[in-house]
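Peer 1: My questions are about this predicted structure, shown below with the sequence.
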Amino acid sequence: LEKTIPAIVAFALDVEISCDSPIPILMGRQAGKVTLNQRQVCALLANMFLCTFVYEEFEDSHGDIFPVVDFLRLFASGTSDPSSAHKLRCVIHYFEIMRQRKEGGAPIHKNKVDYLRRQLPRVVWELSPKTFDKIHVKLDP
């Protein structure tokens, strides 16, 4: 962590340079795609990790509330939730890998990360003629 924490801070400070234009927001119930480079992902994730984004709860036109974009809940769970500790370990490992790549001269801005959301048609299950007659549910005693 001796080298990783300063690297996380450096990645966070890079956000204004790496994210020089607004990042598109995928609205609820809407298909779409957002492409970021690894430098942008690293800068955004570092700011989320350090809880630097100011959160103001607001709703979009569909009434969807945007999610919190920081790690406060994850930090608050502490050691009481083993999965939280594993998630933090995973994120810190990601930053360590990015730090090593950056120090090694690897161009982290060239790798792309796509986030794709597909929109499935809404189904009113009560009106659907399809049945679930081949499902078997077994309860352990």
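Peer 2: Done, it's in.
Peer 1: could you say what helices and strands the lowest-mean-pLDDT helix or strand in the chain packs with?
Peer 2: Of all helical and strand segments in the chain, the minimum by mean pLDDT, DSSP states H and E falls on helix 72-77, at a mean of 80. Packed against helix 72-77 by the contact rule (3 or more C-beta pairs under 8 Å, 6 or more residues apart in numbering; DSSP states H and E) you find helix 82-103. In short, each C-beta sits where N, CA and C put it, glycine included.
Peer 1: The helix or strand following the helix it packs on pairs with which strands, and in what direction?
Peer 2: Going down the chain from helix 82-103, the next helix or strand is strand 112-117, by DSSP states H and E. Strand pairing for strand 112-117, determined by DSSP bridges: strand 32-37 (antiparallel).
Peer 1: Tell me the buried residues in the strand it pairs with?
Peer 2: Judged by neighbour count using 16 or more other C-beta atoms under 10 Å, the buried positions of strand 32-37 are 36-37.
Peer 1: so where's this protein uncertain?
Peer 2: 28, 55-68, 78-79, 141 (pLDDT under 70).
Peer 1: Spatially central, which residue of the protein would that be?
Peer 2: Among the residues of the chain, residue 45 comes closest to the average C-alpha position under C-alpha atoms, centre = their mean, at 7.5 Å.
Peer 1: How far away from the center of its chain is the least confident helix or strand of the chain?
Peer 2: In this view, helix 72-77 has its centroid 15 Å away from the chain centroid, taken as C-alpha atoms, centre = their mean, to the nearest Å.
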